[in-house]
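**Student:** Give me a model of this one.
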Amino acid sequence: MKAAGDKVLGAELHAVVNSLVSGIVSRCDPLPGGGEVVGPWSFVPIAASVQAGARLFLAAFERLVRDRGGSPVYCDTDSWAVLASPEGGSFTLPDGSTERVLSWREVDEVVSAFDALRPFGSDVPFWKAARGTAEHPLHSVVYGPKRHVEFVLGDDDSPEIIERTDAGLGGFFADPPTMPGRADDGLRIWSLEAIRRQVAFGLDPEQGWPEAPWDLGAPRPALAVRRLQVRSPEVASSLPQSLGARPGSYYIEAVAGSVGGVRLRSDAGAVALDSGEKDPWRLDWRDRSTGRPVRLSVDLSDIDGRFAETLDKRAVAWSKAHPQSALDAVHVDPLLVGHRGRVSGVIDADIDGLPGDLARFRPAYDPEGEAERRLAFVQRRAAALGKRAFARRTGLPLKVAERAALGRRISRRNVAKALRALRFVDASTPRCLECERAVVGRRAGSVYCSTRCRDRAAKRRRRERAA
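**Tutor:** Residues are numbered from 1 along each chain as shown. Got it, this is the predicted structure:
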């Protein structure tokens, strides 16, 4: 199949096989009244074994590479990217430190260690190594999860794209009018040009950021829009009647513009009926909330226009790394864990075009006894902090805080509000030197959570000095 070069068929079969061995056996379906039920072919032992087995092989591969001093630099579901070259050597990082580069022979040793397994037959290797040739070795640029590019440099040092992922780029947004259709690998032509631009800029940043190729010769920049269909009553009710959409109708949704990652408007955005017009600028746009006509604009100074995002900005954002902060520790309290249904419900809602906070579409469930455990947790925290500090910390009325501190029942709504506030007590919150409880409220600058702990610590110190 792959020898014939049919990458589209290969991608489809890859999705089908993954569904057969993992998706179907781990399927859960939402219930109309909330919650979920296991699917007709659900079998958790197989689903868990497949997921765990895949990660076991990834971990084993990583260990063998690190034992040789190598650097596995990127992992994605069932593959690793490793620093390697035909002869090996070293690589200097921007901070001046160096990483060892494995030779291709060493990589072959790691790969061949798994060949005794060969679950697909003796002629199919367990791992497939992609490396290019000694004259034109394979390079990779990784921008983030599911955002990477593989390419080789030609004789003139120009990059030739070999593999790419365009999730969140060409996969979600409609084609620009000047560059529609698909490339030979089955992915969008415009997203291929976007990735070529990203790689060229990465190889030579001094050349500056070139103009978006799909905007060349166009009177206005291409908009970032999604083409959607009314597939459910929820989607239909979210659209204004003036739009004229019916069940099965296709419509266009404009992505709201942002500055510094912050959207400038908090409304539901702009939508237009899909009339077949290729240029989104010519559509009859409506406010999704009110149904009133709106005019799109990419100029911040245009106060009468609805600021919309361009494909150029989305393409640039695709190659930016997500901000990361190191985690010192993770503390999990079972009483603060909110149970939610399948995540795919949120993904499906986003694909269907449902606006707003999609987290509320997750089928939530409340197992028997969970409500009582949460109430007990809130009561213990209230008793430990005292009614006044607990009221300040959670925003609950003083009378409600007093009832909780005395171990009396409070409403589920107040329990939920208290839990949301208490979630912010994390590893960075100061702890009492006596009882190790979180020091919050007005005593946040103190080393004790209460006068009782302070006095108890003073008495203990006096006893120690007397002894």
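**Student:** Low-confidence stretches in the stretch 201-350 of the chain?
**Tutor:** 260-268, 322-348 (pLDDT under 70).
**Student:** same check, this time on the stretch 51-200 of the chain
**Tutor:** Judged by pLDDT under 70, the stretches of the stretch 51-200 of the chain that qualify are 168, 170-171.
**Student:** And the strands in it, which stretches?
**Tutor:** Secondary structure of the stretch 51-200 of the chain (DSSP state E, counting those that start in this stretch): strands located at 72-75, 80-82, 84-85, 89-92, 98-103, 139-144, 147-153, 159-164.
**Student:** Which segments of the protein make up each domain?
**Tutor:** 132-220+312-324, 225-308, 334-466 (automatic domain parsing).
**Student:** Stretch 88-105: which residues count as buried?
**Tutor:** If you call a residue buried by 16 or more other C-beta atoms under 10 Å, then stretch 88-105 has these buried ones: 88, 101-104. For the C-beta atoms, the positions are set from N, CA and C on the backbone; glycine is no exception.
**Student:** what sits up against that stretch?
**Tutor:** For stretch 88-105, contacts defined as C-beta atoms under 8 Å, 6 or more residues apart in numbering pick out 65, 68-71, 82-87, 106, 131.
**Student:** That one: end-to-end distance?
**Tutor:** 9 Å (C-alpha to C-alpha, to the nearest Å).
**Student:** how about a markdown table for the buried residues of stretch 88-105, with distance to F61 added?
**Tutor:** Output for the buried residues of stretch 88-105, formatted as a markdown table (distance: C-beta to C-beta, whole Å):
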| residue | distance to F61 |
| --- | --- |
| G88 | 18 |
| V101 | 17 |
| L102 | 12 |
| S103 | 17 |
| W104 | 16 |
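**Student:** Could you work out the most separated pair of these?
**Tutor:** V101 and W104 (10.3 Å; C-beta to C-beta).
**Student:** Need phi/psi at the residue lying closest to A54 once chain neighbours are set aside.
**Tutor:** Of all residues beyond its chain neighbours, the one nearest A54 is D78 (6.1 Å), with distances taken as C-beta to C-beta, 6 or more residues apart in numbering. D78 adopts backbone torsions of phi -140, psi 30, taken as degrees, to the nearest 10.
**Student:** wait, D78 sits on L58?
**Tutor:** Yes. At 7.4 Å, D78 and L58 qualify as touching, with contact defined as C-beta atoms under 8 Å.
**Student:** Let me see the ranges of the strands in the stretch 251-400 of the chain.
**Tutor:** 258-259, 262-263, 270-273, 286-287, 296-297, 306-307.
**Student:** Pick the most deeply packed of these.
**Tutor:** Neighbour counts averaged per stretch over the strands of the stretch 251-400 of the chain are highest for strand 270-273, at a mean of 23; criterion: mean count of other C-beta atoms under 10 Å.
**Student:** In the sheet, which strands lie alongside that strand, parallel or antiparallel?
**Tutor:** Strand 270-273 has the following strand partners under DSSP bridges: strand 250-254 (antiparallel), strand 286-287 (antiparallel).
**Student:** could you pull out the helices for the chain?
**Tutor:** 7-18, 44-67, 104-112, 189-203, 233-238, 311-318, 344-352, 370-385, 387-394, 398-405, 412-422, 451-466 (DSSP state H).
**Student:** Which among these is found nearest to A270?
**Tutor:** Nearest to A270 among the helices of the chain is helix 233-238 (13.2 Å), distances taken as C-beta to C-beta.
**Student:** Let's see that closest one as PDB, backbone CA atoms only.
**Tutor:** Output in PDB follows, covering the C-alpha atoms of helix 233-238 (Å, rounded to 0.1, in the frame of the first residue of the first chain):
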ATOM      1  CA  PRO A 233     -31.200  20.800  17.300                       C
ATOM      2  CA  GLU A 234     -28.600  22.400  19.600                       C
ATOM      3  CA  VAL A 235     -26.600  23.800  16.700                       C
ATOM      4  CA  ALA A 236     -29.800  25.000  15.000                       C
ATOM      5  CA  SER A 237     -31.000  26.800  18.200                       C
ATOM      6  CA  SER A 238     -27.600  28.500  18.500                       C
END
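**Student:** any residues touching that helix, and which ones?
**Tutor:** Contacts for helix 233-238 (C-beta under 8 Å, 6+ apart): 228, 230, 245-247, 268, 288, 352-356.
**Student:** Determine the number of other residues adjacent to the residue nearest to A54.
**Tutor:** 12 (other C-beta atoms under 10 Å).
**Student:** Same question for W41.
**Tutor:** Applying other C-beta under 10 Å, we find 12 residues neighbouring W41.
**Student:** Just give the nearest non-adjacent residue to it, would you?
**Tutor:** The shortest distance from W41 to any non-neighbouring residue, by C-beta to C-beta, 6+ apart, is to I24 (4.7 Å).
**Student:** ok, now how distant is the one you found from R231?
**Tutor:** Separation of I24 from R231 (C-beta to C-beta, to the nearest Å): 22 Å.
**Student:** ok, now G217?
**Tutor:** Counting by C-beta to C-beta, the gap from G217 to R231 is 36 Å.
**Student:** In terms of neighbours, single out the busier of these two.
**Tutor:** Shown here are G217 and R231; by other C-beta under 10 Å, R231 has more neighbours (15 against 7).
**Student:** Surely that one touches L354?
**Tutor:** No. Using C-beta under 8 Å, R231 is not in contact with L354; the gap is 10.0 Å.
**Student:** what's around R314, how many residues?
**Tutor:** Residues near R314, counting by other C-beta under 10 Å: 18.
**Student:** Once you drop chain neighbours, what's closest to it?
**Tutor:** A224 (4.8 Å).
**Student:** same check, this time on P145
**Tutor:** P145's closest residue in space is D76 (C-beta to C-beta, 6+ apart), at 7.3 Å.
**Student:** how near is the one you found to E150?
**Tutor:** From D76 to E150 the distance is 12 Å (C-beta to C-beta).
**Student:** For the two, work out which one has more neighbours and name it.
**Tutor:** E150 (19 against 14).
**Student:** so who does the more buried one touch?
**Tutor:** E150 touches 130, 138-140, 161-164, counting by C-beta under 8 Å, 6+ apart.
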